[in-house]
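Undergrad: have a look at this fold, sequence not included:
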């Protein structure tokens with residue numbers, strides 16, 4: 001029996017999906033003494049031989065109903081939808097189905113800071129990790145970013161703080177996951193290609209609070225009515241943050257600094273010049289990180305040290321190059337309409353936005369106001385190009401491109417002599433690319449080629 005009371009020793013564990021999280025879950029289950037089978041729709045994947053050497057059985061080319069129905073426990077990768085007949089059949093036989101996040105969390109002995117939201121999760125997660133580290137605390141960062149939680153279990157101790165990015169896909173399959181501090185950054189329509197409704201998407205995210213008690217904390221965006229509404233039933237204590245500044249208690253911007261107000265007391269945390277991130281919406285992430293870190297005992301000096309030379313993450317408002325007066329900015333991680341809107345609003349004028357990819361819900365028309373005052377043109381790409389054109393052609397010129405090279409070249413021409421070509425797709429990447437990172441890298445390569453010309 002494990003120290004936490006949960007054991008899989010001798011049990012038949014079926015892991016579904018051979019992405020990073022699924023592989024980590026299979027290896028964790030094997031280390032814990034389970035009989036493990038990993039099932040994957042692909043015919044092969046890079047880690048297959050490594051898993052076999054650990055005694056993990058592989059079922060490749062699809063998930064069979066018999067495999068799932070005869071499991072003692074099913075663990076899914078976040079990318080695997082569980083509303084499928086093979087899962088229904090297993091549940092009908094009483095087989096518990098959980099996600100990798102839930103599976104790993106049952107062995108975690110340290111405290112958890114979990115971050116969710118439609119936009120900004122990775123940046124905020126990284127910042128909290130940096131702030132805790134600067135304060136000398138033992139911290140492990142991962143989840144939906146970097147290292148899966150399953151790969152952290154062996155390093156979890158009572159004094160470890162796990163800073164975990166959590167997506168709706170991960171949270172919807174949780175049952176006992178219990179963050180000490182749960183951060184909800186913002187909420188907007190997204191992932192409607194996976195979740196049946198906006199309400200279902202919100203309910204999945206709200207599970208971040210499901211197992212919290214009055215000893216825990218919910219860090220909430222006071223400027224987002226949807227976040228406040230969906231967190232209304234949370235048992236945890238609240239710590240609010242606001243870019244608008246109208247809070248008597250919470251973390252806000254006051255003059256030239258980020259401060260924490262508590263009635264008439266004001267604690268100065270971070271001078272604004274210490275923040276080296278592009279875009280006002282990035283300040284939202286810094287406020288949230290400061291709020292969570294303050295609860296965890298981080299003092300102002302460590303927050304400032306964590307921000308030193310931090311210019312953001314790859315593919316998040318990432319400056320690429322300037323070519324004859326035209327700037328190129330890579331925000332490939334802006335995979336929904338709300339994220340793209342905030343990207344566009346980071347610039348005063350001259351924006352040529354590259355928008356499109358595989359449509360996953362949302363209304364491109366919501367970008368019109370931002371583009372009307374700031375935009376010079378839109379370059380429409382991918383499967384969603386016609387949707388982009390239909391929604392925005394009455395606001396700015398819309399130019400279609402059939403490749404990333406064509407998008408960069410046409411964007412450059414439209415942005416001359418002093419504009420910004422902004423990759424802010426508002427869509428997933430899966431029509432042309434493996435993921436948002438590959439899309440961002442393709443954008444960077446084409447900008448490099450253009451500059452060399």
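TA: Received the coordinates, thanks. Small disclaimer: the values here were computed from a predicted structure and weren't measured.
Undergrad: so which helix or strand takes in the nearest residue to residue 149 once chain neighbours are set aside?
TA: Closest residue to residue 149 apart from its sequence neighbours, by Cβ to Cβ, 6 or more residues apart in numbering: residue 104 at 3.8 Å. Heads up, the C-betas are built off the backbone N, CA and C, glycines and all. Assigned by DSSP states H and E, residue 104 belongs to helix 100-105.
Undergrad: what lies in contact with the helix or strand following that helix?
TA: Proceeding N to C from helix 100-105, the next assigned helix or strand is strand 111-116, under DSSP H and E. By Cβ atoms under 8 Å, 6 or more residues apart in numbering, the surrounding residues in contact with strand 111-116 are 105, 121, 124-125, 128, 143, 160-168, 171, 177-185, 205, 208, 288, 292, 296.
Undergrad: bridging residues for residue 59?
TA: residue 39 (DSSP bridges).
Undergrad: ok so, going back, the helix holding residue 104 packs against which elements?
TA: helix 20-31, strand 73-76, helix 168-171 (3 or more Cβ pairs under 8 Å, 6 or more residues apart in numbering; DSSP states H and E).
Undergrad: just checking the distance from it to the centre of its chain.
TA: Using Cα atoms, centre = their mean, to the nearest Å, the distance from the centre of helix 100-105 to the centre of the chain it belongs to is 17 Å.
Undergrad: what does that helix rub up against?
TA: Against helix 100-105 from outside (Cβ under 8 Å, 6+ apart): 21-22, 24-25, 28-29, 75-78, 112, 143, 148-150, 152-153, 164, 166, 170-171, 173-178.
Undergrad: against residue 167, how distant is the residue most central in space within the chain?
TA: Centroid-nearest residue in the chain, with Cα atoms, centre = their mean: residue 121, separated by 4.4 Å. Per Cβ to Cβ, to the nearest Å, residue 121 is found 7 Å from residue 167.
Undergrad: list residues touching both of the two?
TA: Between them, residue 121 and residue 167 share the contacting residues residue 144, judged by Cβ under 8 Å, 6+ apart.
Undergrad: what's the local residue count around the residue nearest to residue 237 when sequence neighbours are not counted?
TA: Closest residue to residue 237 apart from its sequence neighbours, by Cβ to Cβ, 6+ apart: residue 217 at 5.4 Å. Residue neighbour count, defined by other Cβ atoms under 10 Å, stands at 21 for residue 217.
Undergrad: got it, and residue 345?
TA: Count around residue 345 with other Cβ under 10 Å applied: 18.
Undergrad: state the pLDDT value of it.
TA: Looking at residue 345, its pLDDT is 95.
Undergrad: wait, it sits on residue 374?
TA: Yes - under the criterion of Cβ atoms under 8 Å, residue 345 makes contact with residue 374 at 7.2 Å.
Undergrad: which other helices and strands contact whichever strand or helix holds residue 261?
TA: Using DSSP H and E, residue 261 maps to strand 257-262. Judged by 3+ Cβ pairs under 8 Å, 6+ apart, strand 257-262 is in contact with strand 249-254, strand 265-271, helix 280-295.
Undergrad: list the buried ones in the longest one?
TA: In other words, helix 280-295. Buried residues in helix 280-295, defined by neighbour count with 16 or more other Cβ atoms under 10 Å: 281-295.
Undergrad: list the contacts for the closest residue to residue 37 other than its chain neighbours?
TA: Closest residue to residue 37 apart from its sequence neighbours, by Cβ to Cβ, 6+ apart: residue 57 at 4.3 Å. The contact partners of residue 57, by Cβ under 8 Å, 6+ apart, come to 36-38.
Undergrad: distance check, residue 57 against residue 267.
TA: In terms of Cβ to Cβ, residue 57 sits 55 Å off from residue 267.
Undergrad: and for residue 203?
TA: 35 Å.
Undergrad: quick one: residues contacting the residue nearest to the centre of the chain.
TA: Counted by Cβ under 8 Å, 6+ apart, residue 121 has contacts 115, 144-145, 165-167, 185.
Undergrad: please apply the same query to residue 254.
TA: 245, 261, 266.
Undergrad: 10 Å instead?
TA: 245, 260-261, 266, 268-269 (Cβ atoms under 10 Å, 6 or more residues apart in numbering).
Undergrad: and residue 132, by the same measure?
TA: So residue 132 contacts 113, 138-141, 161, 163, 289, 292-293, 296-298, 302, 306 (Cβ under 10 Å, 6+ apart).
Undergrad: and these, which is closest to residue 230?
TA: residue 292 (18.3 Å; Cβ to Cβ).
Undergrad: so the closest one touches residue 183, yeah?
TA: Yes - at 5.3 Å, residue 292 counts as touching residue 183 under the criterion of Cβ atoms under 10 Å.
Undergrad: shared neighbours of these two, which are they?
TA: 113-115, 124-125, 128, 163, 217, 219, 239, 241.
Undergrad: export those residues to a markdown table and tack on secondary structure, distance to residue 275 and pLDDT?
TA: Formatted as a markdown table, the shared contacts of residue 292 and residue 183 follow (DSSP: H, G, I helix; E, B strand; the rest coil; distance: Cβ to Cβ, whole Å; pLDDT from 0 to 100):
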| residue | secondary structure | distance to residue 275 | pLDDT |
| --- | --- | --- | --- |
| 113 | strand | 20 | 98 |
| 114 | strand | 23 | 98 |
| 115 | strand | 18 | 98 |
| 124 | helix | 13 | 98 |
| 125 | helix | 17 | 98 |
| 128 | helix | 15 | 98 |
| 163 | strand | 19 | 98 |
| 217 | strand | 23 | 98 |
| 219 | strand | 18 | 98 |
| 239 | strand | 20 | 98 |
| 241 | strand | 14 | 98 |
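Undergrad: ok, of these, which come out buried?
TA: Buried among those (16+ other Cβ under 10 Å): 113-115, 124-125, 128, 163, 217, 219, 239, 241.
Undergrad: name the nearest of the residues you listed relative to residue 435.
TA: Nearest to residue 435 among those, with distances taken as Cβ to Cβ, is residue 125, at 17.7 Å.
Undergrad: I appreciate the help and will end here.
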